[in-house]
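>>> Kindly return the folded structure for what I paste below:
(6 chains)
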There are 4 protein chains.
Amino acid sequence: MTRQPRKRPRQARSRATVETLLEATTRVLVDHGFEKTTTNRVAEVAGVSVGSLYQYFPNKEALIGALVEVHFTRMRALFASTLAAVADGPLPLAARALIEAVMAGHREHPDLHRVVLEQLPRLGIQAERDGFDAFAVPLIASYIERRRADLRPADAHLAAWVLMRTLQPLVHAAVLRGPEFFADPAFIDEATALVVGYLAPVGEI
Amino acid sequence: MTRQPRKRPRQARSRATVETLLEATTRVLVDHGFEKTTTNRVAEVAGVSVGSLYQYFPNKEALIGALVEVHFTRMRALFASTLAAVADGPLPLAARALIEAVMAGHREHPDLHRVVLEQLPRLGIQAERDGFDAFAVPLIASYIERRRADLRPADAHLAAWVLMRTLQPLVHAAVLRGPEFFADPAFIDEATALVVGYLAPVGEI
Amino acid sequence: MTRQPRKRPRQARSRATVETLLEATTRVLVDHGFEKTTTNRVAEVAGVSVGSLYQYFPNKEALIGALVEVHFTRMRALFASTLAAVADGPLPLAARALIEAVMAGHREHPDLHRVVLEQLPRLGIQAERDGFDAFAVPLIASYIERRRADLRPADAHLAAWVLMRTLQPLVHAAVLRGPEFFADPAFIDEATALVVGYLAPVGEI
Amino acid sequence: MTRQPRKRPRQARSRATVETLLEATTRVLVDHGFEKTTTNRVAEVAGVSVGSLYQYFPNKEALIGALVEVHFTRMRALFASTLAAVADGPLPLAARALIEAVMAGHREHPDLHRVVLEQLPRLGIQAERDGFDAFAVPLIASYIERRRADLRPADAHLAAWVLMRTLQPLVHAAVLRGPEFFADPAFIDEATALVVGYLAPVGEI
DNA sequence: GATGAATGAGACTTCATTCAT
DNA sequence: CATGAATGAAGTCTCATTCAT
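Numbers count the residues shown, from 1 in each chain, chains lettered A, B, ... in the order given. Down below sits the predicted model:
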């Protein structure tokens, strides 16, 4: 029911336990899949008793939820800092940089990411609102807004949403196709062309 | 394990049973969600015994799988016939027609489709690729190939894949946002712009 | 409940069906083991509908029971005729002949025999009374009785029972050890020594 | 699949639970037979939840297997100590002592033993060999070896195997015939005669 | 007589969660 | 705070048997 951690760990030991539990959850999720991820198994892998798990997470949902939150927190930071760095440069460079940043973010733990993304609907989380979109779409929208003169879209927010809902799955699909495909520069060229062609189809910039 | 129907119904009676079971699955899935969709409940709603369910579907997965298959079969037919009809016209019209066709395909049973789309990952990532991409990507690739002179992409197959992995999630996201958003013509405009901008950014056609 | 065939097949076709069903039962039993022997599978292998199976056998027990009965009928005939042939010769030859006869009887379908013997307790059949012992023990007892002067045992019936309960499992164990062991003449020598040593330990005959 | 206990009980409480479960299994097996012995019924009789049962036994087979193992462990100890005690005395006394020991081992819980013996084939033919033969045959073989001068058999190992595969079923058959027969001293006389006649038919010892 | 679809009780097993120690 | 034994509702699936066609 609740999806907040039952209590904020104040002591160092508690924080360590929580950390260990999240890592164990990751491993079990990646190794065995969601269906076989039981709280008992997670506790065992974490080297902790089930009771302790329930000390920090009121239920299974909260456990997975915390993991998802970690993922999104990392991605938000990555995205925001990259955008800030390239916001004033030419569009093609900015697009390419953002795409590469997101791909880099997934390259680290592709298995975990797949499993996390697959579980979003099940957690009743509106990925769009609670996850990443709610954070990234406004950023992109204001970027488009600022450059409105050079870009095609009339509705900056809608365009930002379209880009998000387009690029994210594209990157995920690329991740899932495996590292050989992933490393192919042709793919990044095409993704960049998609963004640029959508925002500035006449090639003004 | 298996996801094939256990046996083909031969008599009229059993064909009706299979039909009833699929309808019941749809209803239970829509009303209660995947987690609460049990074989017993489906059988009960279908007014049939569990045993009969297992006569035709070796397990729960096969039941959902059959539903997904029905969905994909319809979509493939819809996609192929629409593409055939617009393949010789101007690109923007073709793009718009295809997008509208796919959206129309989802408009019929939006609840069912939402639930089917949410279950795809669980049925194996292959589902999407095998179900639709393997069918649609070659069609699009040959379309691009034929018009290679007018279009930007060098690698027709890669471009077709990018479009598939881009548009499909975009449409799905739109479906999941609900009917109000779905009805907005601005969304179709933007999706069309995405395709056109990607394939012919300088607007030759 | 009942263990009698539901009705005696009078027509040729019926007799053929019963025959086919028994053969199918044998094959399924040997190939899949008792646990996986279902009436539906037997009917399928027999190329007959389950309904037809129940036309001739009131329940599963009766089906297996009929098979067991066939086995015992063959063995009884084999045993009786062999004993009749050697009853008047020297004990060691008689013993050896009987042992070899029983072994020959098992050599034909060792898998079937194993499975039949394993199922005896489950069928609630007192192997000793209904199966083979009730038939063979009196025969052996009367053999001992007739030669009482030359043999050790005081209680012919008890001795016959001991021999039965001794040799039968010994032969079965030999069958289960496989054909290499089975073919070893040393084994038959030992089994013969067992019988002779028991009946006439001082070697008078 | 597995027939090993799922986890070793560490606390006193859990050891008690395992004990209770085995006793309950015994009772249910004796009262209702194998077919009607369900894990739920066993748990209920044990006054424990099914979950607890599955905490210690991965499946029904393992439960029965544990019972059988207890039986064999007792029998092995009984057999080894008896043989050690009589190994240096005269053969007839040794034979009689061993037979009586094994019978005494069965006399304690005849119902349980009957049911265990009936289930052996179902648990895999290996059970007998692994459970007892692999242990007892070498012991008997070395006994024969040591007295090779006084005994008939040339191949000590073969003779030991023949004796095992002969006496064990004989005792079991006696157990299954019920206590009246069991108590008859004439039976033990005959069994002893069987062993002595086989090993030393000329009666030297 | 034959067919085979349908039945449904009941078997085995899992796992999130609690609570005595 | 930690432990881990215990819980038990609930889920998936099987199969002997029946009966309408």
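>>> Only the buried residues of the lowest-mean-pLDDT helix or strand in chain A, if you could.
Between all helices and strands in chain A, the lowest mean by mean pLDDT, DSSP states H and E belongs to helix A:110-119, at a mean of 76. By 16 or more other C-beta atoms under 10 Å in any protein chain shown, the buried positions in helix A:110-119 come out as A:110, A:112-119. C-betas here are computed from N, CA, C, even on glycine.
>>> repeat for stretch A:185-201
A:187-201.
>>> likewise stretch A:134-149?
A:135-137, A:139-141, A:143-144, A:147.
>>> Same list, those residues, but as a markdown table with secondary structure, pLDDT and distance to C:Leu91 please.
Listed next are the buried residues of stretch A:134-149 as a markdown table, based on DSSP: H, G, I helix; E, B strand; the rest coil; pLDDT from 0 to 100; distance: C-beta to C-beta, whole Å:
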| residue | secondary structure | pLDDT | distance to C:Leu91 |
| --- | --- | --- | --- |
| A:Phe135 | helix | 92 | 98 |
| A:Ala136 | helix | 93 | 98 |
| A:Val137 | helix | 94 | 100 |
| A:Leu139 | helix | 96 | 103 |
| A:Ile140 | helix | 96 | 103 |
| A:Ala141 | helix | 97 | 106 |
| A:Tyr143 | helix | 96 | 107 |
| A:Ile144 | helix | 97 | 108 |
| A:Arg147 | coil | 95 | 112 |
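>>> Of those, which is the nearest to DNA strand E?
Nearest to DNA strand E among those is A:Phe135, at 28.3 Å by C-beta to the nearest atom of the strand.
>>> And A:Glu35, how close does it get to chain B?
The gap separating A:Glu35 from chain B is 8 Å, by C-beta to the nearest C-beta, to the nearest Å.
>>> Run a quick neighbour tally on that residue.
Residues near A:Glu35, counting by other C-beta atoms under 10 Å in any protein chain shown, number 7.
>>> The one 3 residues further on too?
Applying other C-beta under 10 Å, we find 13 residues neighbouring A:Thr38.
>>> cool, and A:Asp184?
Residues near A:Asp184, counting by other C-beta under 10 Å: 14.
>>> Distance check, it against chain B.
From A:Asp184 to chain B the distance is 9 Å (C-beta to the nearest C-beta).
>>> returning to that earlier point: keep only the buried residues of helix A:110-119 that also lie close to chain D.
Among these, no residue sits close to chain D (C-beta under 8 Å from any C-beta of the partner chain).
>>> and which of the residues you listed is nearest to DNA strand E?
Among these, and counting by C-beta to the nearest atom of the strand, the member closest to DNA strand E is A:Gln119, at 12.7 Å.
>>> Contact partners for the closest one?
A:34, A:64, A:68 (C-beta atoms under 8 Å, 6 or more residues apart in numbering or on different chains).
>>> how does it look with 6 Å?
A:Phe34 (C-beta atoms under 6 Å, 6 or more residues apart in numbering or on different chains).
>>> Quickly find the element holding the residue in chain A positioned nearest to DNA strand F.
Across chain A, the shortest distance to DNA strand F (C-beta to the nearest atom of the strand) belongs to A:Gly51, at 2.1 Å. Applying DSSP states H and E as the criterion places A:Gly51 in helix A:50-56.
>>> Can you tell me what sits against that helix?
A:18, A:39-40, A:43.
>>> With stretch A:15-35 instead?
Contacts for stretch A:15-35 (C-beta under 6 Å, 6+ apart): A:9, A:37, A:41-42, A:45-46, A:56, A:63, A:67, A:111-112, A:115, A:119.
>>> where does chain A have low pLDDT?
A:1-11, A:121-130, A:202-205 (pLDDT under 70).
>>> At the contact with DNA strand E, which residues of it appear?
A:35-40, A:50-51, A:54, A:59-60 (C-beta under 7 Å from any atom of the strand).
>>> Against A:Asn40, how distant is the residue of chain A closest to DNA strand F?
As judged by C-beta to C-beta, to the nearest Å, A:Gly51 and A:Asn40 stand 11 Å apart.
>>> among the residues of chain A next to DNA strand E, which ones are buried?
A:37, A:39, A:54.
>>> And what about the first one, helix, strand or coil?
Classification of A:Thr37 into helix, strand or coil gives coil, according to DSSP: H, G, I helix; E, B strand; the rest coil.
>>> Report the contact partners of it.
Per C-beta under 6 Å, 6+ apart, neighbours of A:Thr37: A:28-29.
>>> quick one on the thing from earlier: could you single out the nearest of the contacts of helix A:50-56 to DNA strand E?
Nearest to DNA strand E among these, with distances taken as C-beta to the nearest atom of the strand, is A:Thr39, at 3.8 Å.
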